[in-house]
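**Q** Got a predicted model here, sequence first, then my questions.
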Amino acid sequence: IFNLLKTLINGWPTIGKQVKNIETKIKKLLKIKHAIMLNSGGSANYLMLYLLGSPYVKKKHKLKPGDEILTPAVTWSTTVSPIIQNNFVPVLLDVNLSTYDINVDLIERSITKKTRAIMLVHPLGHVCNMKAILKVCKKHKLVLLEDTCESIGAKYNNKFAGTFGLFSSISFYQSHHISGVEGGMILTNDDYYADVLRSMR
């Protein structure tokens, strides 16, 4: 509360010193090169997908309207809606009943000539089977995106969720692991995309 009031009193309530401070702390915590603050995890998901369909994306990552994105059937509207809003097609895959993460056995069976990306969700502090998923992405040249809004700080083989894909989103919504009441971020190790995302936000 003190930092919130201090920020408001200083008259610079948006992308200022406090935001930069949080971005730096998250980068160090999760061992990622770039953390770009936004107003929410949902906006982070939207912006990641918007960039992939924009003129600023690298050719190997380019998505076109109608391209399919695989994503789990147990998820949030803020994962699926941005796919639709950006004119891509969500393909919902069933999940493992014990963990609610995407069933990796269904991923390869669901790939078509229109499949261009996977939008993972790491649910409720559990990290998906990244070894199997990375293998499929490499084999089929799929862009990997991670919705890590529910699993900040969770690890798979000593590597943080949200640091496997081209981009990932995190959320500081009140019910999440690290809360700022509101707010979200995009994480990436790509210097070029980080600059573009900062401009786009």
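**A** Arrived safely, thanks for sending. Nothing here was measured: the structure is a model prediction, and the numbers come from that model. Numbering: from 1, shown residues only.

**Q** C-alpha only now, for contacts and for neighbours.
**A** Will do.

**Q** Going by neighbour count, which residues in the helix or strand of the chain with the lowest mean pLDDT are buried?
**A** When each helix and strand of the chain is scored by mean pLDDT, DSSP states H and E, helix 2-9 comes last, with a mean of 74. For helix 2-9, burial by neighbour count (16 or more other CA atoms under 10 Å) applies to T7.

**Q** Using CSV, list the CA coordinates for it.
**A** Presented in CSV, the C-alpha positions along helix 2-9 are these (Å, rounded to 0.1, in the frame of the first residue of the first chain):
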residue,chain,number,x,y,z
PHE,A,2,2.8,2.4,0.9
ASN,A,3,4.5,2.0,-2.5
LEU,A,4,1.1,2.4,-4.3
LEU,A,5,0.4,5.7,-2.4
LYS,A,6,4.0,6.9,-2.9
THR,A,7,3.7,6.3,-6.7
LEU,A,8,0.4,8.2,-6.9
ILE,A,9,1.7,11.1,-4.8
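
**Q** Tell me where the chain has helices.
**A** Ranges of helices within the chain are 2-9, 17-30, 41-52, 77-85, 104-110, 130-140, 191-200, based on DSSP state H.

**Q** tell me the contacts of the residue lying closest to I84 once chain neighbours are set aside?
**A** Among residues not flanking I84 along the chain, P90 sits closest, at 7.0 Å (CA to CA, 6 or more residues apart in numbering). For P90, the contact set (CA atoms under 8 Å, 6 or more residues apart in numbering) comprises 68-71, 80, 83-84.

**Q** Surely L63 and G53 touch.
**A** Yes: counting by CA atoms under 8 Å, L63 touches G53, with 5.0 Å between them.

**Q** Looking at these two, which one has more neighbours?
**A** Neighbours around L63 and G53, counted as other CA atoms under 10 Å, are more numerous at L63. The numbers are 26 against 20.

**Q** ok, now which ones touch the more buried one?
**A** Applying CA under 8 Å, 6+ apart, the residues near L63 are 52-53, 116.

**Q** Please apply the same query to L124.
**A** 150-151.

**Q** measure it to L145 for me?
**A** 17 Å (CA to CA, to the nearest Å).

**Q** what does V95 give?
**A** Counting by CA to CA, the gap from V95 to L145 is 17 Å.

**Q** and if you look at D94?
**A** 18 Å.

**Q** which one of these two has more residues nearby?
**A** L145 (24 against 17).

**Q** among the helices of the chain, which is the most enclosed?
**A** helix 41-52 (a mean of 23; mean count of other CA atoms under 10 Å).

**Q** same for that one, what does it pack against?
**A** Helix 41-52 sits against helix 77-85, strand 167-171, strand 184-188, helix 191-200, with contacts defined as 3 or more CA pairs under 8 Å, 6 or more residues apart in numbering; DSSP states H and E.
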